[in-house]
Structures are given as structure tokens and as C-alpha cells.
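Undergrad: Have a look at this prediction, sequence included:
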Amino acid sequence: MSGLFITFEGGDGAGKTTVLNQISDWLKESGYSVLKTREPGGIHIAESIREIILNKEHTTMDGRTEALLYAAARRQHLVEKVMPALNEGQVVLCDRFIDSSLAYQGYARGLGIDEVYQINQFAIEGCMPDVTLFFDIPPEEGLKRISANDEREKNRLDLEAVDFHERVYEAYQLLLRKYPERIQSINAHQDIEDVEEAAKEVLRPFLLKGK
Ligand code: TMP
């Protein structure tokens, strides 16, 4: 594959989606062909799975069911959208990927990071991101931002207790230590322009490699 696969990760309300949009504009202005997408979703089948997972009425959903549904959505999205774009040499910007499953299902839900990694390997067959940006913001701060955003409808995972979001944050710290080369931390607790600049700084060397 000749493209560049960049994933955006962080707790809810970390601002990663806003920065992803800005990075996309910046890359396009610099002449790159960019695919902007998100998980779970990005294509019809995976968006349908997203609706099932995040439906607030699905309060009885088992943790393993949730993990398998995220992995299924990931598989379809990868095969239908991400891999073809990478094969064409595009820069793929994906809002969340495997690390979200490791953090939310593996650690915060307690299913085990290694176990969730295994089912995801079945789904992705080794197609890992070239680089992952982790937007670092204390969970209470992220949750405050979500509550202040009236336009965002709260989903089933937003409604989890604060300690769930704290575990998600702890999990990302573990993942940063586990994958120090792939996952790069960005301080998201600063002005959005500074967050955007910090993200560009991390990405420049990958773009220069001319992948
Ligand atoms: P979003 O709000 O960033 O679109 O993501 C939807 C929710 O799904 C968010 O709370 C994080 C969660 N999620 C997981 O729990 N596991 C995953 O593998 C992914 C991709 C998202």
C-alpha cells in the first residue's frame, strides 16, 4: 500500500474531530489527495452497525457483543473504503480506529486489551495506522465540553459514568507506553490553533517521507 494511514484518537470531547477537519483542509491545500472518514461508520453497512451500537435504548448490550460489533464495522469500513484509498496512494484521516476498541472495550469495559487486540487482528489483518495522534485532555474537561455542546446528541457511550471515561483516559496512557513509536501525544488542553499546529508538527516528517 502506498498511501498514508493516520488515525485520530482520544476521549470524548478532546476536539480531535475539529482538528481532523482542519488537517484535511491543510493537506488538500498542499496538494495531497485526502480521504476523511470515521469509525464506527464511514460507509453504509458500518453506519448501520454504528446506530445499533450507540442506540441509547440498547442498555442491555453485552460488552463482548459491543466489541465484536465495533470490529465488524471496522472490517467492512477498511475493506470497502480505507484499503482502496491507501492503494491509490491517498492520505486517509480516520476519526478513531483500533486503539478506541483497546481503550473503551479492552480496558474501560474490562474485556482485556490483549483479547480485544486479537479479535481486531482478525478484522484488520495487520493493516495498522502509520501514525496515530492522541489528543490528550483530562476526562472531566472533555465531558464538560460535551455537555456544553448543545448540537451534539449524547450517545450510549457518552452517558457512561465519569469513572468509565477516566478508565478510557488511563487506557490511552497505557497504549502510549505500549506503542511509543506509532502513537504521538498532542496536548489538547490549549487553544485550538495551538492543538492544530502541534498536530501538523507531528505529521510533517511522515509527509516528507513521501509515502
Ligand atoms: P465518536 O463520538 O468519536 O463518533 O465515537 C463514538 C463512540 O464510540 C465514542 O464514545 C467512542 C466509542 N468507540 C468505542 O467504544 N470503540 C471503538 O472501537 C470505537 C471506534 C468507538
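TA: Structure received. Numbering: from 1, shown residues only.
Undergrad: what sits up against the lowest-mean-pLDDT helix or strand in the chain?
TA: Using mean pLDDT, DSSP states H and E, helix 139-148 stands out as the lowest-scoring helix or strand of the chain, at a mean of 88. With contact meaning C-beta atoms under 8 Å, 6 or more residues apart in numbering, helix 139-148 is reached by 10-15, 152, 154, 158, 162, 165-166, 168-169, 189. Bear in mind the C-beta positions are built from the backbone N, C-alpha and C, glycine included.
Undergrad: show me where pLDDT drops low in this structure?
TA: 1, 210-211 (pLDDT under 70).
Undergrad: and with 80 instead?
TA: Along the chain, segments meeting pLDDT under 80 span 1, 150-153, 208-211.
Undergrad: centroid residue for it?
TA: Nearest to the mean C-alpha position of the chain, by C-alpha atoms, centre = their mean, lies residue 96 at 1.3 Å.
Undergrad: could you pull out the strands for the chain?
TA: For the chain, strands defined by DSSP state E occupy the ranges 4-10, 34-38, 91-95, 131-136, 183-187.
Undergrad: export the first one as CSV, just CAs?
TA: Output for strand 4-10, consisting of C-alpha atoms alone and laid out as CSV, is shown next (Å, rounded to 0.1, in the frame of the first residue of the first chain):
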residue,chain,number,x,y,z
LEU,A,4,-0.5,7.2,4.5
PHE,A,5,-2.9,6.0,7.2
ILE,A,6,-3.4,8.5,10.0
THR,A,7,-5.8,7.9,12.9
PHE,A,8,-7.1,10.4,15.5
GLU,A,9,-7.8,9.1,19.0
GLY,A,10,-8.8,10.5,22.4
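Undergrad: partners of it, with directions?
TA: If you go by DSSP bridges, strand 4-10 pairs up with strand 91-95 (parallel), strand 131-136 (parallel).
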